[in-house]
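Enquirer: Structure for this input, please:
(2 chains)
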Amino acid sequence: DAGVIQSPRHEVTEMGQEVTLRCKPISGHNSLFWYRQTMMRGLELLIYFNNNVPIDDSGMPEDRFSAKMPNASFSTLKIQPSEPRDSAVYFCASSSTGDGGYTFGSGTRLTVV
Amino acid sequence: GESVGLHLPTLSVQEGDNSIINCAYSNSASDYFIWYKQESGKGPQFIIDIRSNMDKRQGQRVTVLLNKTVKHLSLQIAATQPGDSAVYFCAEIIQAGTALIFGKGTTLSVSS
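Expert: The predicted structure is shown next:
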């Protein structure tokens, strides 16, 4: 099992550009979560999906952030336009039961300059 | 504010010692608690969990204790090894169907 796969591992972009982060959950897992990690705020839940349906997006900071899960094996988190304060590590996690047994990907380190 | 938090941001121990990492939570309705370990450059990794109807659970070299009276959670690591050096997070699920909420983390440093 390859685990949760995120791409890219690192992304450096200029302010105002669109950024798309990608996630492939573990096959068979029906819950998918996007978190953001910064030194100041720790790990924050942005949004999560059950069976490809967004359940709670209250953590999405602004309308500049959007997430989709078009099928059970793929999700994207898009930031448009990006700002320097969006710089963080973005993690995707998946779970088969929705409880604490989340498997996290290795994260995407985003730097907006 | 944060629903889940940690008492100490850093903990330094000698190899072979036992480590205790503490966590306080504020929501008495929380039903499920988990400890995660995060090594540098990696995502959080599940260590051990405990439900609110239990007060202790043991794994391999790790024990989680839950005191609901004072809303306190702790992770005990026996015979700490250098490979245990990482950031440890407690996390909770407040109610079924919601997602994990993480505390800020404690950095454990193990010296040989």
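Enquirer: Run through the residues that contact A:Gln21.
Expert: Actually, residue A:21 is Leu. It isn't Gln. Residues touching A:Leu21, when contacts are defined by C-beta atoms under 8 Å, 6 or more residues apart in numbering or on different chains, comprise A:6-8, A:11, A:76-78, A:90, A:92, A:108, A:110. To be clear about C-beta, it is placed using only N, CA and C from the backbone, and glycine gets the same treatment.
Enquirer: Give me the buried entries from those residues.
Expert: Of all these considered here, the ones buried according to neighbour count by 16 or more other C-beta atoms under 10 Å in any protein chain shown are A:6, A:11, A:77, A:90, A:92, A:108, A:110.
Enquirer: Quick check: beta-bridge partners of the second one?
Expert: The one in question is A:Glu11. With DSSP bridges as the criterion, the beta-bridge partners of A:Glu11 are A:Leu110.
Enquirer: which one is residue 45 nearest to, not counting chain neighbours?
Expert: Unless you meant another one, I'm taking chain A. Take A:Leu45 and drop its neighbours on the chain: the residue closest to it by C-beta to C-beta, 6 or more residues apart in numbering or on different chains is A:Gly59, 4.6 Å away.
Enquirer: My question was about chain B, not that one.
Expert: B:Lys37 (5.0 Å).
Enquirer: now swap in A:Ala72 and tell me
Expert: Distance criterion C-beta to C-beta, 6+ apart; nearest residue to A:Ala72, sequence neighbours excluded, is A:Asn52 at 6.0 Å.
Enquirer: Compute the number of surrounding residues for the one you found.
Expert: For A:Asn52, the tally of surrounding residues (other C-beta atoms under 10 Å in any protein chain shown) stands at 15.
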